[in-house]
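>>> Dropping the sequence and predicted coords here.
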Amino acid sequence: MTAAASPRTLHDIYRDIRGDLEAVERHLKEIGRSSNPLIAEVNKYLFRKRGKRVRPALLLLCAKLSGYRGQDHMFWSALVEIVHTASLIHDDIVDNATLRRGRETVHVKWGPNITVLLGDFLYIQSIALALRTRQDRIIDILAGVTAQMIEGELIEYSLSGRVDVSEDLYLEVLSKKTASLFAASCRIGGVLAGVPPEDEERLAGFGADLGLAFQIVDDILDFTADERTLGKPVLSDLREGRMTLPVIHALDRVRGEERADLQKLVASRGTDRAATKKILRIVADTGGLEYAADRATGFARAAGDRLATFPPSAPRAALELMTELVLKRKA
């Protein structure tokens, strides 16, 4: 693929899997149907507005990269998206978030009790549907990543409001909460095609590195994006008591009274305009955003390097370009 022909949007990257993604949407619509009016109503709300569908796309592309010729990858892509959606529902409750992709979160519309149960229902439904396939290897992957994501949520919640979070601990949370599902999506694509273990590990490693880059960029956007583009209030992470890499780096760089001052400001969760403005200034002065961007770039490049052993192809080119686009995203 020449530079002039290189896609520059997810729409272009998805071009060769557009039909498969439409099939994923049909699976989601079918799975979301229920004889229970409340479940049917909430599911319709959840899946009516499409997100980026990054995780299903990764599974589809990795399956094609690996030479898969069947149809099951579309079903498994839908299940991966259901697991992702369930995790967002629980996240929003824990964080008391009011907006997601520019719309009210489920717990704002239906209340926390119903929403917790719905998140649980989606997790269990995805495993129940997986069990019907009798594809034990993929079932193990899906069950394992679900446990990892919930563990990541628990660790993150236990750290809420703390200002002593290290970069290593931050990356551990990201690895469990976000990167694990990226890795599982890519791994499942390889498993469907029956790739050898070393290729399966390369695909999973690609997904894990890409997931880390994706989430670090998301944390940067919390500082730099506008609310309309982001689909949620800026500095939401700080207000929800979540430490992210720009702030962690800033705390590592400042000393003495300035460090104590920043710790107090972060602990206050930037609840007033003056505190928010001061946090932004210190993060900027210490190069926090640049540092986080460099780390995201490193993970994205590592992800691209893992694809080098696969023969050149349209799916490989799409995955490589995804590592570039993840660094340029605005929302």
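Okay, I see it.

>>> Do a quick rundown of the strands in the stretch 51-200 of the chain.
Applying DSSP state E, counting those that start in this stretch to the stretch 51-200 of the chain gives strands spanning 99-100, 103-104.

>>> out of the ones you listed, nearest to Pro56?
Proximity to Pro56 (C-beta to C-beta) singles out strand 99-100 among the strands of the stretch 51-200 of the chain, at 18.0 Å. Every residue, glycine included, has its C-beta placed from N, CA and C.

>>> Pull up the pairing partners for the closest one, direction included.
Paired with strand 99-100 in the same sheet, following DSSP bridges, are strand 103-104 (antiparallel).

>>> quick revisit: turn the strands of the stretch 51-200 of the chain into JSON lines, columns for mean pLDDT, distance to Arg69 and mean neighbour count.
Formatted as JSON lines, the strands of the stretch 51-200 of the chain follow (pLDDT from 0 to 100; distance: least, C-beta to C-beta, whole Å; neighbours: other C-beta atoms under 10 Å):
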{"stretch": "strand 99-100", "mean pLDDT": "78", "distance to Arg69": "36", "mean neighbour count": "18"}
{"stretch": "strand 103-104", "mean pLDDT": "85", "distance to Arg69": "38", "mean neighbour count": "15"}
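
>>> Relative to Leu221, which of the ones you listed is closest?
Using C-beta to C-beta, the strands of the stretch 51-200 of the chain put strand 99-100 closest to Leu221, at 14.2 Å.

>>> Where does pLDDT dip in the stretch 101-250 of the chain?
The model of the stretch 101-250 of the chain has pLDDT under 70 over residues 227, 229-234.

>>> mind listing the helices for it?
106-110, 112-133, 136-158, 167-174, 180-193, 197-224, 227-230, 236-239, 245-253 (DSSP state H, counting those that start in this stretch).

>>> what helices or strands is the last one leaning on?
With contacts defined as 3 or more C-beta pairs under 8 Å, 6 or more residues apart in numbering; DSSP states H and E, helix 245-253 has these neighbours: helix 167-174, helix 197-224, helix 256-267, helix 273-285, helix 288-305.

>>> so can I have JSON lines of those showing distance to Leu154 and mean neighbour count?
Formatted as JSON lines, the helices and strands packed on helix 245-253 follow (distance: least, C-beta to C-beta, whole Å; neighbours: other C-beta atoms under 10 Å):
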{"stretch": "helix 167-174", "distance to Leu154": "10", "mean neighbour count": "18"}
{"stretch": "helix 197-224", "distance to Leu154": "17", "mean neighbour count": "22"}
{"stretch": "helix 256-267", "distance to Leu154": "21", "mean neighbour count": "14"}
{"stretch": "helix 273-285", "distance to Leu154": "27", "mean neighbour count": "16"}
{"stretch": "helix 288-305", "distance to Leu154": "24", "mean neighbour count": "19"}
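
>>> Could you dump these into CSV and include distance to Gly190?
Formatted as CSV, these follow (distance: least, C-beta to C-beta, whole Å):
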stretch, distance to Gly190
helix 167-174, 23
helix 197-224, 4
helix 256-267, 41
helix 273-285, 39
helix 288-305, 15
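
>>> Quick one: closest of these to Arg103.
Closest of the helices and strands packed on helix 245-253 to Arg103 is helix 197-224, at 17.8 Å (criterion: C-beta to C-beta).

>>> Redo the strands of the stretch 51-200 of the chain as a markdown table? Include distance to Asp305.
Putting those into a markdown table (distance: least, C-beta to C-beta, whole Å) gives the following:
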| stretch | distance to Asp305 |
| --- | --- |
| strand 99-100 | 33 |
| strand 103-104 | 37 |
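
>>> so which of those strands gets nearest Leu79?
Smallest distance to Leu79 across these (C-beta to C-beta): 20.5 Å, for strand 99-100.

>>> picking up where we left off before, between the helices and strands packed on helix 245-253, which one is closest to Ala183.
Using C-beta to C-beta, the helices and strands packed on helix 245-253 put helix 197-224 closest to Ala183, at 3.9 Å.

>>> Could you list every helix and strand that that closest one packs against?
Against helix 197-224 (3+ C-beta pairs under 8 Å, 6+ apart) you get helix 54-65, helix 167-174, helix 180-193, helix 236-239, helix 245-253, helix 288-305, helix 314-325.

>>> The same query, at a cut-off of 7 Å, please.
In terms of contacts (3 or more C-beta pairs under 7 Å, 6 or more residues apart in numbering; DSSP states H and E), helix 197-224 is packed against helix 167-174, helix 180-193, helix 236-239, helix 245-253, helix 288-305.

>>> Reformat those helices into TSV and put distance to Asp226 next to each item.
TSV is the format used below for the helices and strands packed on helix 197-224 (distance: least, C-beta to C-beta, whole Å):
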stretch	distance to Asp226
helix 167-174	24
helix 180-193	26
helix 236-239	13
helix 245-253	17
helix 288-305	15
